[in-house]
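> Got a sequence here, can you build the structure:
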Amino acid sequence: MKRLIHIFILTLVLVACGSRRGYFSLEGRLLNLNQGEFYVYSPDGVFDGVDTIKVEGGRFTFETPCKESGTIMIVFPNFSEQPVFVEPGKSVTIKGDASHLREIEIEGTDENKLMNGFRQQIAKASPPEVLEYAERFVKNNPESPVSVYILRKYFVGGSGVPSRNEIEKAEQLVSIVYKAQPKNGQVARMSRYVKDAKNGVVGAGLPQFTAKDIYGENVSSAQLKGHVAVVYTWANWNYESRTVRDRLSRMKKDYGDRLAVLGVSLDAGIDECKRSLRNDSTGTMFVCDQMMFESPLMDAFGFGGVNENILYNAQGRVIERNLKAEDIESKLKTLLN
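I've put the predicted structure just below:
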């Protein structure tokens, strides 16, 4: 009888400390946020597409099937993002203040504890110090999914045109992590990215590509040649990229055939993409192959994620990369007026 009681108590403890087998769950509470909705997506395929998390009374929960460790990204109402590192059968607790989202803490797994420590370390650091801490973290923890996130955030797909030194640094760090995580698809994409990023340095030429737009029409590099052109990535679940999309569509309308614009959607479904563009009649080319981060166009242009862009001159050479929306507009006015 005592043995049965012990087994029963142990079962309750295990259920209380984790999620259902084959699932990952989280629960959280945020001060200063009574009701709302978060978007959540996974950059490494824990689940497909974009889901939502409802907030009621400042509390929220989320559960997803989880076959292997990975990362999910929570997109808050102010469009800032918070990584959560997931494991099958595990659960985490999120605590914080909605008015201080950078200070949120996630408890429940070793990887999220590692991320908490890194965020505390860089809280008051200067930008150069942040990069130093990030590089040190990656080198000291190459097997950690946190290092994959840090690589993507600080070394792969940053703003501006990457220098040769920056590309070489990214290549070195990606190589270290790839050796420790040879089966990680996201790291494999980063490895391809840093090799293809040489296509995005100043002076690099327009890559050859063919694709279908959202209406089934052919799109190719030939339609960009001979024009000042902007190629960019966007998704409905990313506010900043939608801002860039809308501003570029307005500029395409203003400049007509003098400007070529190609928007590569990272949405999981083409129907959602079409709905958001139903009123766009500017002549902007939109591609949504529903492959998200695995799209061949990501490799062709050396893109590492959402809200990236490359500006080409009329000779098909890169002149800028990953500009902010207002800087794209300013640069295009200089080139086209």
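
> Point out where the stretch 201-337 of the chain drops to low pLDDT.
By pLDDT under 70, the weakly predicted segments of the stretch 201-337 of the chain are 201-202.

> Which positions within stretch 247-256 qualify as buried?
248-249, 251-252, 255 (16 or more other Cβ atoms under 10 Å). From N, CA and C alone the C-beta is placed, and that goes for glycine too.

> Start and end of stretch 137-153, how far apart?
Start and end residues of stretch 137-153 are separated by 13 Å (Cα to Cα, to the nearest Å).

> quick one: contacts of it?
Defining contact as Cβ atoms under 8 Å, 6 or more residues apart in numbering, one finds that stretch 137-153 is touched by 43-44, 69-71, 83, 85, 111, 114-115, 118, 134, 155, 170, 173-174, 176-177, 179-181, 184, 186-187, 190, 304-305.

> list the buried ones in that stretch?
So stretch 137-153, judged by 16+ other Cβ under 10 Å, has buried residues 137-138, 141-142, 144-152.

> Kindly report the same for stretch 281-289.
282, 284-289.

> Show me what it is in contact with.
211-214, 219, 223, 248-250, 252-253, 256, 260-265, 267, 270, 273-274, 277, 280, 295-297.

> Which ones among those lie within strands?
Among these, the ones falling in strands (DSSP state E) are 211-212, 219, 260-265.

> Pipe those into a markdown table and attach distance to Phe24 and neighbour count per row.
Putting the ones in strands among the contacts of stretch 281-289 into a markdown table (distance: Cβ to Cβ, whole Å; neighbours: other Cβ atoms under 10 Å) gives the following:
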| residue | distance to Phe24 | neighbour count |
| --- | --- | --- |
| Ala211 | 34 | 19 |
| Lys212 | 35 | 13 |
| Val219 | 38 | 19 |
| Ala260 | 43 | 21 |
| Val261 | 39 | 24 |
| Leu262 | 36 | 24 |
| Gly263 | 33 | 26 |
| Val264 | 30 | 25 |
| Ser265 | 27 | 27 |
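
> and which of these is nearest to Ser330?
Within these, the smallest distance to Ser330 is 16.1 Å, found for Val261 (Cβ to Cβ).

> and the closest one, what are its bridge partners?
Val230 (DSSP bridges).

> can you offset everything so residue one is 799?
Yep, numbering from 799; the last one is Val1059 now.

> tell me the contacts of it?
So Val1059 contacts 1027-1030, 1046-1047, 1049-1050, 1080-1083 (Cβ under 8 Å, 6+ apart).

> again, only this time at 7 Å
Shown in contact with Val1059 (Cβ atoms under 7 Å, 6 or more residues apart in numbering): 1028, 1046, 1050, 1082-1083.

> Ok, Ile920 next?
928, 931.

> Now with 8 Å, please.
Contacts of Ile920 (Cβ under 8 Å, 6+ apart): 927-928, 931-932.

> now, which of those lie within helices?
927-928, 931-932 (DSSP state H).

> Using the three-state scheme, assign Arg987.
helix (DSSP: H, G, I helix; E, B strand; the rest coil).

> mind listing what it touches?
Neighbours of Arg987 in contact, by Cβ under 8 Å, 6+ apart: 1091-1092, 1096, 1102.

> Would you mind checking those for buried ones?
By 16+ other Cβ under 10 Å, these give 1091, 1096, 1102 as buried.

> so which of these comes closest to His898?
When the buried ones among the contacts of Arg987 are compared against His898 (criterion: Cβ to Cβ), the nearest one is Gly1102, at 28.4 Å.
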